[in-house]
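K.L.:
here is my input; please provide its structure:
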Amino acid sequence: MSSQPPVIDMNRLRRLLDGVNAFGINETTGGHNRIGYSDADMAARDWLAGEMKADGLAVSRDGVANLFGRFGPAEGPCVMAGSHLDTVPEGGAFDGSLGVCVALECVRAMKDAGVTPKTAVTVVATAEEEGRFGGMLGSQAIAGTVTRDWIDTASDADGIRLVDAMAAQRLDAHKALDAAWLPGAIEAFLELHIEQGPVLERSKIPLGIVTAISGVCFLQVRFTGVANHSGTTPMEMRADAFAGLASVAAGIPALIERFGTEESRVTIGKVDVQPNFAHTIPGVAEFSVILRDTSGEVMRALRDAVVADVEAAATAHGLVHEIVEKSWLAPVALDAGLQEMLMGEADKLGLDFLSMPSGAGHDAQTMQSLAPSGLIFIASRAGISHAPAEWSDGADIEKGAQLMLNALLRLVG
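P.N.:
Model (predicted):
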């Protein structure tokens, strides 16, 4: 074994990240488009599988296209590390992909230093984490929390069914039911991710160690009124679907004030108004409502309040309403022992960090149901994410990657 401890090679890490981000890049906008189960998403997985094989890892995939690269003993439990490769439309270069690349760079650094782990390290690139179909399918499949009913009914915002999107990539969505790992097969799960918020940068602290992850409730709401002429229909005789939507949106601040906490987030993200013509009263308004909080009780209260506001808006504007809960991911407290270990390793490295909750969902929250899970945050410039301007500084990435490496060394002996 080398006398030098394993260290992160930032040039190699940058090349790996650039390699992943060559897939789905929009050269005009700088955005990345590796939507779950798109051609670009699957091509990136194929390329990364080739990198893992070249490194001598034992590479495998499961029925939902989760990609695994195992380093160390072929049998027995492992410590799993990684994140996701898929992006939102026109997403950034760091969300998810950085965590996968850091995990593989950690293995490469171990190999460089001649480290033979007593417990295997499994690098994972999970599938469909960004919630195109309402969940985190890749990590949910690993954790065994996917249900047949959800698979059969899941669809994206454009109405494309999960089963059809996966079939287009020669995948059977129902294989998700066979992808669960057995209890004990994963001793711990570690994920590195950008913060996607402004807290660390505002605090001038490079790293976060996450204590808990907010839950996510995805509601799809549809108001149906009457499309009519905007000039000849008196205001008091309208059944304006957009007016119903506007009423719900305007009520969000009061709803959070009454039922929420400082960790609460309520967002109307995707809106479709029909017929969407300047001189026609909208007859249909369909929109998403995403609720988040670190308390399940608060989330339920927020959900009930949104439903009540939708019903009130429908009554006030003469609309028919429909509400569908597309998914519910419960808030999760991450493993206290891993938090303590990460803090100890950060102290040894002389790194400043902040203990903090996560407002965004991550694979670690679903993996916690199967194995102790930990999450490291890297500061995000201006808190921007899910956009081409997403950026994290190399110096902060190097600190987080070295913390991940030292934590893995601690876990795998």
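K.L.:
can you confirm residue 311 is in a strand?
P.N.:
No: assessed with DSSP: H, G, I helix; E, B strand; the rest coil, residue 311 is helix; it does not lie in a strand.
K.L.:
that one touches residue 320, doesn't it?
P.N.:
No: using C-beta atoms under 8 Å as the test, residue 311 is too far from residue 320 to be in contact (11.1 Å). C-beta coordinates here come from the backbone N, C-alpha and C atoms, glycine included.
K.L.:
let me see the ranges of the helices in the stretch 101-250 of the chain.
P.N.:
For the stretch 101-250 of the chain, applying DSSP state H, counting those that start in this stretch gives helices covering 137-143, 148-153, 162-167, 199-203, 241-250.
K.L.:
of those, which stretch is the most buried?
P.N.:
Ranked by mean neighbour count, those are led by helix 137-143 with a mean of 29 (mean count of other C-beta atoms under 10 Å).
K.L.:
give the other helices and strands that it contacts.
P.N.:
Counting contacts by 3 or more C-beta pairs under 8 Å, 6 or more residues apart in numbering; DSSP states H and E, helix 137-143 packs against strand 120-126, helix 363-367.
K.L.:
mind putting these in a markdown table, distance to residue 73 and mean neighbour count included?
P.N.:
As requested, these are exported to a markdown table (distance: least, C-beta to C-beta, whole Å; neighbours: other C-beta atoms under 10 Å):
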| stretch | distance to residue 73 | mean neighbour count |
| --- | --- | --- |
| strand 120-126 | 5 | 27 |
| helix 363-367 | 21 | 28 |
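K.L.:
same list, the ones you listed, but as a markdown table with mean pLDDT and distance to residue 52 please.
P.N.:
What follows is the helices and strands packed on helix 137-143, written out as a markdown table (pLDDT from 0 to 100; distance: least, C-beta to C-beta, whole Å):
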| stretch | mean pLDDT | distance to residue 52 |
| --- | --- | --- |
| strand 120-126 | 98 | 7 |
| helix 363-367 | 95 | 18 |
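K.L.:
redo the ones you listed as JSON lines? Include distance to residue 274.
P.N.:
Below are these laid out as JSON lines (distance: least, C-beta to C-beta, whole Å):
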{"stretch": "strand 120-126", "distance to residue 274": "35"}
{"stretch": "helix 363-367", "distance to residue 274": "35"}
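K.L.:
so which of the ones you listed is nearest residue 150?
P.N.:
helix 363-367 (13.1 Å; C-beta to C-beta).
K.L.:
the closest one - contacts with which helices or strands?
P.N.:
So helix 363-367, by 3+ C-beta pairs under 8 Å, 6+ apart, packs with strand 78-84, helix 137-143, strand 186-194, strand 207-213, strand 332-333, strand 373-378.
K.L.:
hmm, 10 Å instead?
P.N.:
strand 78-84, strand 120-126, helix 137-143, strand 186-194, strand 207-213, strand 332-333, strand 373-378 (3 or more C-beta pairs under 10 Å, 6 or more residues apart in numbering; DSSP states H and E).
K.L.:
now these as TSV including distance to residue 396?
P.N.:
What follows is these, written out as TSV (distance: least, C-beta to C-beta, whole Å):
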stretch	distance to residue 396
strand 78-84	16
strand 120-126	21
helix 137-143	25
strand 186-194	9
strand 207-213	7
strand 332-333	25
strand 373-378	5
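K.L.:
right, and the helix or strand after the strand or helix carrying residue 18?
P.N.:
Assigned by DSSP states H and E, residue 18 falls within helix 10-21. Proceeding C-terminally, helix 10-21 gives way to helix 39-54 as the next helix or strand, assigned by DSSP H and E.
K.L.:
and the contacts of the next helix or strand after that following helix?
P.N.:
Proceeding N to C from helix 39-54, the next assigned helix or strand is strand 58-61, under DSSP H and E. For strand 58-61, the surrounding residues in contact (C-beta atoms under 10 Å, 6 or more residues apart in numbering) are 45-46, 48-53, 66-72, 74, 120, 122-123, 125, 127, 171, 179.
K.L.:
how about a cut-off of 7 Å?
P.N.:
With C-beta atoms under 7 Å, 6 or more residues apart in numbering as the contact definition, strand 58-61 has outside contacts at 49, 52, 53, 67, 68, 69, 70, 74.
K.L.:
which among those residues gets closest to residue 145?
P.N.:
Nearest to residue 145 among the contacts of strand 58-61, with distances taken as C-beta to C-beta, is residue 68, at 18.4 Å.
K.L.:
of the helices and strands packed on helix 137-143, give the one that comes closest to residue 232.
P.N.:
Evaluated over those, closeness to residue 232 peaks at helix 363-367, with 52.2 Å, by C-beta to C-beta.
K.L.:
keeping just the C-alphas, turn the closest one into PDB.
P.N.:
Output of helix 363-367 as PDB, limited to C-alpha atoms (Å, rounded to 0.1, in the frame of the first residue of the first chain):
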ATOM      1  CA  ASP A 363     -32.000   9.800  -2.900                       C
ATOM      2  CA  ALA A 364     -30.700   9.700   0.700                       C
ATOM      3  CA  GLN A 365     -34.200  10.100   2.100                       C
ATOM      4  CA  THR A 366     -35.500   7.000   0.400                       C
ATOM      5  CA  MET A 367     -32.400   5.000   1.100                       C
END
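K.L.:
now the farthest one out in the chain, which residue is it?
P.N.:
The centre of the chain is farthest from one residue, residue 232, which by C-alpha atoms, centre = their mean lies 47.0 Å away.
K.L.:
in terms of pLDDT, where does it sit?
P.N.:
Residue 232 carries a pLDDT value of 97.
K.L.:
how near is it to residue 95?
P.N.:
Here the criterion is C-beta to C-beta, to the nearest Å. By it, residue 232 lies 48 Å from residue 95.
K.L.:
OK, contacts around the closest residue to residue 187 other than its chain neighbours?
P.N.:
Closest residue in space to residue 187, ignoring its immediate chain neighbours: residue 77 at 4.9 Å, by C-beta to C-beta, 6 or more residues apart in numbering. By C-beta under 7 Å, 6+ apart, the residues touching residue 77 are 119, 184, 185, 186, 187.
K.L.:
same question, residue 82
P.N.:
Residues in contact with residue 82 (C-beta under 7 Å, 6+ apart) are 99, 100, 103, 123, 124, 125, 126, 191.
K.L.:
try it again at 6 Å.
P.N.:
100, 103, 123, 124, 125 (C-beta atoms under 6 Å, 6 or more residues apart in numbering).
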